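Chemist: I'd like to go over a predicted model; first the sequence, then the structure.
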Protein chains: 2
Amino acid sequence: MNVRGKPMRTIWLEPDGGAVGIIDQTRLPHDFVAVQLGTLAEAAHAIRAMLVRGAPLIGATAAYGMALAMRQDASDRALDASCATLLATRPTAVNLRWAIEEMRALLRPLAPGERAAAAYRRAGEIADEDVAINRAIGRHGLGLIEAAWERAGKHRPVELLTHCNAGWLATVDWGTALAPVYAAHERGIPLHVWVDETRPRNQGASLTAWELGQHGVAHTVIVDNAGGHLMQHGRVDLCITGTDRTTASGDVANKIGTYLKALAAHDNGVPFYVALPSPTMDWSIEDGVRDIPIEERDATEVTEIAGRLSDGSTARVRLVPEGSPAANYAFDVTPARLVTGLITERGVCPASRAGLLSLFPERRQLMAGE
Amino acid sequence: MNVRGKPMRTIWLEPDGGAVGIIDQTRLPHDFVAVQLGTLAEAAHAIRAMLVRGAPLIGATAAYGMALAMRQDASDRALDASCATLLATRPTAVNLRWAIEEMRALLRPLAPGERAAAAYRRAGEIADEDVAINRAIGRHGLGLIEAAWERAGKHRPVELLTHCNAGWLATVDWGTALAPVYAAHERGIPLHVWVDETRPRNQGASLTAWELGQHGVAHTVIVDNAGGHLMQHGRVDLCITGTDRTTASGDVANKIGTYLKALAAHDNGVPFYVALPSPTMDWSIEDGVRDIPIEERDATEVTEIAGRLSDGSTARVRLVPEGSPAANYAFDVTPARLVTGLITERGVCPASRAGLLSLFPERRQLMAGE
């Protein structure tokens, strides 16, 4: 998508064909800084310190990290050590593990002299595959936005609400929840996005608002408390969020607070869609509320916040009185009954076992309860 | 309630019998600063600049402001001018208007020489009346917490969730939503309060957490997004919030985001109560979502936030990228169907026309639709 009017991806091969470029997302939204990764260590740091985040982008960065490692030392020992280093950066990231195993399986049988070139080629493919999946999600989700525009009589912009950042910054390009938004924008459908700030890490206010602004999509930042009020007053035509993990029954784990927006959408007859690349499906789980463990993160993400001071520098400030404890649950689970549909790279389906099987029949034998 | 182990109110007459003491709530939670109001101008400033906030406390401050004015100049002209000055501080505050009209009606017929003493006496009564109302709300709400403790088998603390600050800081003492909490604490019932931080103005993180901590009530600050997840997992026994305005049918206008918590409570079978002093009833309105206008406040309350820097000073930081607009809706309306009951100074009743009439039969002729 565009930054300062020019198309970009979140990760790219530099013109020298060796180093890998990324955006330091920890500096957004106040500073736009591109960083060159020249070594395995730099790639591992970028993942660990969250210069890159979002499952698909983490996977692509790990794949390129393997390529950087092979450029330095393509021995068997270096190959195993590189895998271990990258795996340890974000232990619970599914795409990370997948990308590393994919690269290891490809490179192991090759002669050391062939490994670097093969690694760069496959890393590029992994990035392109993510873009293709997201573009397909965008194409399928576009139909939903077009339908909302029809319902609005085509005389005012479509009003869409999203939570957290499932935009192009979380992927290699297009994003998941925002891919339909960019597709509609490209098609010339007027639309406006309500951006939940998404406490505690504020990915909405800092990342979603930034990427929509850079691409020229109309949007307004709101606090997470405001969406219900907007829906009560007919100010939201549809919601689209991303997901970290979707169960075989269509339950959706996503950033904390997603469940509250789904409740409000249901209470007001507003369609609530979840966009997902099929690799984030967890076919082995049925009941998401019961069976998906919810990560608890450091309380300082709640008690402190970073922002820009009036002099242009950034600072962290404490929000909570000394002595008051805080708890920080990272995700919640939205039951399938509140989800109007799932937008996948194969099409849109009901958030149900039957709906998912209609698009992914080959997964039947993996499914919980089969 | 207690501050540093000593009982306090939010407003008091200083030992000299002339000046009025308040807590500068804009400095909380990081600094506890008491301020003396010696003149009408200082009282007006305290209301306008929100050193005091919360409808009941604003009313009491205005009443004392009239007393301070009469001490300076008890002429008819000064009386009228003082009323006008105070009325202009927060034009939409119902309690403010009520307290000023009450004082004007009392003082007008008196000889100027009698006005100051009468004004101090009546201001003190207005403060005491608020305390009595809130203590009664606490007594009635206590029964609900006791019932929750019974249901929990008395072998773990009662888990209560609240939104915004309807504590003693918003009143003269006890608070409304927190009055039952303080009553249960006094009774020795173990309880723990989940405190919604309450974006954008963070009254939960900064005021509710502070007052509960000072009084020794166990609590944990959470982001506004977290309550639904906690309720899904049985971690909340009941919710109690305050309200700015309740309709004749039991619809409740309160801080933005209250509606989302009520939806989650309803979805999970968690009782959701609203505490209100009857003066905040609006008997003339039936449908809250349709008929209560929702104030839009300055967007900088969303895009910037104040907190404490590591050096102990306070600072504002910007959270949103330059160029991204923000919207700031101050309240939302929770439909009566989501409210388990209303806790008033006369008792607990269903959130319905019939429920309200059972406690306030004399209001029938004021009611919308009668």
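Modeler: Looks like it arrived, so ask away. Numbering: from 1, shown residues only, chains lettered A, B, ... in the order given.
Chemist: which residues of the stretch 151-300 of chain A fall in helices?
Modeler: Under the criterion DSSP state H, counting those that start in this stretch, the stretch 151-300 of chain A contains helices at A:179-187, A:203, A:209-215, A:227-232, A:258-268, A:288-291, A:300-303.
Chemist: nearest to residue A:195, out of those helices?
Modeler: Closest approach to residue A:195 among the helices of the stretch 151-300 of chain A (C-beta to C-beta): helix A:209-215, 5.1 Å. The way it works is simple: take the backbone N, C-alpha and C, and place the C-beta from them, glycine included.
Chemist: thinking again about what came up before, and the helices of the stretch 151-300 of chain A, which one averages the lowest pLDDT?
Modeler: Note on the helices of the stretch 151-300 of chain A: helix A:288-291 shows the lowest mean pLDDT, a mean of 93.
Chemist: so what's the gap between it and the chain middle?
Modeler: 21 Å (C-alpha atoms, centre = their mean, to the nearest Å).
Chemist: which elements pack onto that helix?
Modeler: The elements that helix A:288-291 packs onto, with contact taken as 3 or more C-beta pairs under 8 Å, 6 or more residues apart in numbering or on different chains; DSSP states H and E, are strand A:245-247, strand A:331-334.
Chemist: list the buried residues for that helix?
Modeler: If you call a residue buried by 16 or more other C-beta atoms under 10 Å in any protein chain shown, then helix A:288-291 has these buried ones: A:288, A:289.
Chemist: and that helix, C-alpha only, in PDB?
Modeler: Extracted C-alpha coordinates of helix A:288-291, given in PDB (Å, rounded to 0.1, in the frame of the first residue of the first chain):
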ATOM      1  CA  GLY A 288     -12.800 -21.400  21.500                       C
ATOM      2  CA  VAL A 289     -14.000 -19.800  24.800                       C
ATOM      3  CA  ARG A 290     -13.200 -23.100  26.700                       C
ATOM      4  CA  ASP A 291     -10.100 -24.300  24.900                       C
END
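Chemist: need the residues that contact it.
Modeler: With C-beta atoms under 8 Å, 6 or more residues apart in numbering or on different chains as the test, helix A:288-291 has contacts from A:245-247, A:249, A:251-253, A:285, A:333-336, B:232-233.
Chemist: in TSV: those, plus neighbour count and distance to residue A:107.
Modeler: Formatted as TSV, the contacts of helix A:288-291 follow (neighbours: other C-beta atoms under 10 Å in any protein chain shown; distance: C-beta to C-beta, whole Å):
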residue	neighbour count	distance to residue A:107
A:245	19	28
A:246	29	31
A:247	28	33
A:249	21	37
A:251	26	37
A:252	30	35
A:253	25	32
A:285	19	32
A:333	26	37
A:334	30	39
A:335	21	42
A:336	23	40
B:232	21	44
B:233	15	43
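Chemist: what's the neighbour count on the residue of the stretch 1-150 of chain A at minimum distance from chain B?
Modeler: Going by C-beta to the nearest C-beta, chain B is nearest to residue A:29 of the stretch 1-150 of chain A, at 3.5 Å. Residues contacting residue A:29 under the criterion other C-beta atoms under 10 Å in any protein chain shown number 25.
Chemist: helix/strand/coil for it?
Modeler: Put simply, residue A:29 is coil when judged by DSSP: H, G, I helix; E, B strand; the rest coil.
Chemist: how many neighbours does whichever residue of the stretch 101-250 of chain A sits closest to chain B have?
Modeler: In the stretch 101-250 of chain A, the residue that lies nearest chain B is residue A:225 (2.7 Å; C-beta to the nearest C-beta). Residue A:225 has 31 neighbours, counted by other C-beta under 10 Å.
Chemist: ok, the residue lying closest to it once chain neighbours are set aside - how many residues close by?
Modeler: Take residue A:225 and drop its neighbours on the chain: the residue closest to it by C-beta to C-beta, 6 or more residues apart in numbering or on different chains is residue B:257, 2.7 Å away. By the criterion of other C-beta under 10 Å, residue B:257 has 31 neighbours.
Chemist: I figured residue B:257 hits residue A:226, correct?
Modeler: Yes - look at residue B:257 against residue A:226 with C-beta atoms under 8 Å: they come within range, at 7.4 Å.
Chemist: the helix or strand where residue A:36 lies pairs with which strands, and in what direction?
Modeler: Per DSSP states H and E, residue A:36 falls inside strand A:34-37. Using DSSP bridges, strand A:34-37 pairs in its sheet with strand A:20-23 (antiparallel).
Chemist: contacts for the partner strand?
Modeler: A:8, A:10-14, A:32-37, A:43, A:46, A:51-52, A:61, A:64, A:67-68, A:169.
Chemist: which strands and helices sit next to the helix-or-strand element of chain A with minimal mean pLDDT?
Modeler: The helix or strand of chain A with the lowest confidence, counting by mean pLDDT, DSSP states H and E, is strand A:281-282 at a mean of 90. On a contact count with 3+ C-beta pairs under 8 Å, 6+ apart, strand A:281-282 meets strand A:245-247.
Chemist: in terms of secondary structure, what does the strand it packs on contact?
Modeler: Packing contacts for strand A:245-247, counted by 3+ C-beta pairs under 8 Å, 6+ apart, involve strand A:252-255, strand A:281-282, helix A:288-291.
Chemist: would you list these in CSV and tack on distance to residue A:326?
Modeler: Output for the helices and strands packed on strand A:245-247, formatted as CSV (distance: least, C-beta to C-beta, whole Å):
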stretch, distance to residue A:326
strand A:252-255, 17
strand A:281-282, 29
helix A:288-291, 23
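Chemist: among the contacts of helix A:288-291, which pair sits farthest apart?
Modeler: Most distant of those, by C-beta to C-beta, are A:246 and B:233, 19.4 Å apart.
Chemist: re the thing from before, weakest of the helices and strands packed on helix A:288-291 in terms of mean pLDDT?
Modeler: strand A:245-247 (a mean of 93).
Chemist: ok, that one: who's next to it in the sheet?
Modeler: As assigned by DSSP bridges, strand A:245-247 forms pairs with strand A:252-255 (antiparallel), strand A:281-282 (parallel).
Chemist: out of those strands, nearest to residue A:98?
Modeler: When the strands paired with strand A:245-247 are compared by C-beta to C-beta, strand A:281-282 sits nearest residue A:98, at 12.5 Å.
Chemist: residue ranges for the strands of the stretch 51-200 of chain A, please.
Modeler: Applying DSSP state E, counting those that start in this stretch to the stretch 51-200 of chain A gives strands spanning A:158-162, A:191-196.
Chemist: who does the last one touch, helix- and strand-wise?
Modeler: If I follow you right, that is strand A:191-196. Counting contacts by 3+ C-beta pairs under 8 Å, 6+ apart, strand A:191-196 packs against strand A:158-162, helix A:179-187, helix A:209-215, strand A:218-222, helix A:227-232.
Chemist: at 6 Å instead, please
Modeler: Applying 3 or more C-beta pairs under 6 Å, 6 or more residues apart in numbering or on different chains; DSSP states H and E, we find strand A:191-196 packed against strand A:158-162, strand A:218-222.
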